[in-house]
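K.L.:
predicted model follows, preceded by the sequence.
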2 protein chains.
Amino acid sequence: MSMSLDGYVAGPNQSEDAPLGVGAEGLHEWIFATSAGQKFIGGSGGTEGLDSRLVTEGFQNIGATIMGRNMFGPVRGSWDSAPEWRGWWGDTPPFHHPVFVLTHHARPPLEIADTTFHFVTEGLDSALERARDAAGERDIRVGGGASVVRALLARKVIDNAHLAVVPALLGAGERVFADGVGAEGYDVRMEPGDGAVTHYFLDRR
Amino acid sequence: MSMSLDGYVAGPNQSEDAPLGVGAEGLHEWIFATSAGQKFIGGSGGTEGLDSRLVTEGFQNIGATIMGRNMFGPVRGSWDSAPEWRGWWGDTPPFHHPVFVLTHHARPPLEIADTTFHFVTEGLDSALERARDAAGERDIRVGGGASVVRALLARKVIDNAHLAVVPALLGAGERVFADGVGAEGYDVRMEPGDGAVTHYFLDRR
C-alpha cells in the first residue's frame, strides 16, 4: 500500500470520481513512474529498479486476493442501488484469480474474463478460509483498503506487508495504523526507493 | 522530531524512567549514532553526513525554545508535588537561551547555567510572543512534544519542520499528525538518511 507521511492510505470521501478519496491521487503516482506500472496500463517506458521490481512482485505467485468492499467500488449499502457496477477494472481485471470482496450485502459471484469476484458476507475469517482454499500453495494478497489491512495486521495473520511512504500530507482519510495495530510481532525494514518514495517492509517474527 | 513508521513521536505512559514513553527509546538512537549526537553527550566518534549535519543544524541560530510541560519533565499537576524537579538536563542544559514551558501551573522562572526556563500559563500565543521577543533575529525552536507541534502546525505558524522517520512500530503513543493538521500549506521534501532513518522536511508555502 502507498501511505502519506501523515499515515493515510486513502483520502476522505471516496467516490466514483475519486476512488482513493479526495486528494489522494498522488499516492499511486510512483507506481506509474515505473516500467512495471507502465506495462500494467499498456504503456511503455518508466523506471527500472527497486520501485518497478516491487510493483512486479506484488502480482507474482498470487492465488487469491482479499479486498474490502470500498476497494471494489464506490457503491454503498445494497448492491441493488447500482446493479451494473462491476468493479474498477473493466473487461480484463488484472487479478486472474479469485477475488474475495468483504461486504455486508450478498451478491452472486461475478465472473469477468479469468477473474471471479466472490462477495463474502460471513466476515474476515470466512474470507481468509475461502482465500486459502483458492490459493493453495500460492500467496494471498490483501488488496486493501485500510480497515481490512488494519484488522488483519491486528490479528497478525499477515506474513509480509509492503508500505510505500509518499512525501505528502493528506490531512484526512483512512489510516492503516491505529493504536494497538502491528506493534508487536513485526520486524520493520526500510529500503530507499528510486524516487521520492521510501519502502518499508513488515515481516512477521 | 523522530517519528515511528506508525506515526508516533512518543510512546504511552511517559515517566521519569521512560521520558519518551514506553517502547520509544529507539526513536532517538539515530541521533546518538552521529558525530554531532556523540559530541552532544560528551562522547566521540559517530557518523558524519546528513544525519549528523541535521543534528547540528537543529541547534544553530536558535534564540528561544518552546516546549510542552511533558517534555520538561514527568511531573503532572501542580509543581508542588515535586518542587525539586529541574528538567532532564542536569547542571548545564544544552539550550543556552530562554526556554518557554507551556503549563497550566504557575512557577517562578528557573535559571540553570545560561538557560532560563520560563513557565507560561497564558497559552500558546503568549508563549509565541515571548519567544519572539527573546529570539530577536534568531529562530525559535519548538522542542515538542506532540501536542504542541500539532497545535502549531494546525495554526501554520511553523515555518520549517524536520521529521526523522524511524523504521519501527510503537503501536501506541502520541501523534503529531491528526486529521486536519498540516495538510494545507506545507510542501514536503524527502532525503534518505545515512542509516535506517529517512528525513522529511515540511516547508510552509
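P.N.:
Everything's here; your move.

K.L.:
A:L163 is in contact with A:V197, correct?
P.N.:
No. Between A:V197 and A:L163 there is no contact under CB atoms under 8 Å: 9.9 Å. Using the backbone N, CA and C atoms, a C-beta is placed for each residue, glycine as well.

K.L.:
list residues touching both of the two?
P.N.:
Between them, A:V197 and A:L163 share these contacting residues under CB atoms under 8 Å, 6 or more residues apart in numbering or on different chains: A:S2.

K.L.:
I figured A:P93 hits A:V101, correct?
P.N.:
No. Using CB under 8 Å, A:P93 and A:V101 do not qualify as a contacting pair, with a distance of 11.8 Å.

K.L.:
neighbour count for those two, which is higher?
P.N.:
In this comparison of A:P93 against A:V101, neighbours counted by other CB atoms under 10 Å in any protein chain shown, the higher total goes to A:V101 at 24 against 20.

K.L.:
checking that one next. Helix, strand or coil?
P.N.:
Reducing the assignment at A:V101 to three states with DSSP: H, G, I helix; E, B strand; the rest coil gives strand.

K.L.:
not counting its neighbours along the chain, what's nearest it?
P.N.:
Excluding its sequence neighbours, the residue lying closest to A:V101 (CB to CB, 6 or more residues apart in numbering or on different chains) is A:F72, at 4.7 Å.

K.L.:
ok, that neighbour - contacts?
P.N.:
Going by CB under 8 Å, 6+ apart, A:F72 touches A:87-88, A:101, A:103, A:117.

K.L.:
just among the residues you listed, which is most surrounded?
P.N.:
Greatest neighbour count in the contacts of A:F72, by other CB under 10 Å, goes to A:V101: 24 neighbours.

K.L.:
close to chain B: what parts of chain A are there?
P.N.:
Counting by CB under 8 Å from any CB of the partner chain, chain A comes close to chain B at A:5-7, A:23, A:163, A:165, A:167-172, A:175, A:177, A:179-184, A:186, A:188-190, A:192, A:196, A:198, A:200, A:202.

K.L.:
pLDDT weak spots in chain A?
P.N.:
In the prediction, chain A carries residues with pLDDT under 70 at positions A:182-183.

K.L.:
can you show me the helices along chain A?
P.N.:
Ranges of helices in chain A, per DSSP state H, are A:29-32, A:35-40, A:50-57, A:69-72, A:124-135, A:146-154.

K.L.:
would you put the C-alpha positions of the fourth one in CSV?
P.N.:
Backbone C-alpha positions of helix A:69-72 (Å, rounded to 0.1, in the frame of the first residue of the first chain) are rendered in CSV as follows:
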residue,chain,number,x,y,z
ARG,A,69,-16.0,-3.5,-0.4
ASN,A,70,-14.9,0.1,-0.7
MET,A,71,-12.0,-1.0,-2.8
PHE,A,72,-14.3,-2.9,-5.1
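
K.L.:
what's the spacing between that helix and its chain's center?
P.N.:
10 Å (CA atoms, centre = their mean, to the nearest Å).

K.L.:
show the buried residues in the residues of chain A next to chain B.
P.N.:
For the residues of chain A next to chain B, burial is judged from neighbour counts taken by 16 or more other CB atoms under 10 Å in any protein chain shown, and it is met by A:5-7, A:23, A:163, A:165, A:167-172, A:175, A:177, A:181-183, A:186, A:188, A:190, A:196, A:198, A:200, A:202.

K.L.:
can you tell me, leaving aside adjacent residues, what's nearest to the residue nearest the centre of chain A?
P.N.:
In chain A, the C-alpha nearest the mean C-alpha coordinate belongs to A:G143, at 2.5 Å (CA atoms, centre = their mean). Computed as CB to CB, 6+ apart, the closest residue to A:G143 that is not its neighbour in sequence is A:M67, at 3.8 Å.

K.L.:
mind listing what the one you found touches?
P.N.:
Remark: with contacts taken as CB under 8 Å, 6+ apart, A:M67 is in contact with A:99-102, A:142-145, A:148.
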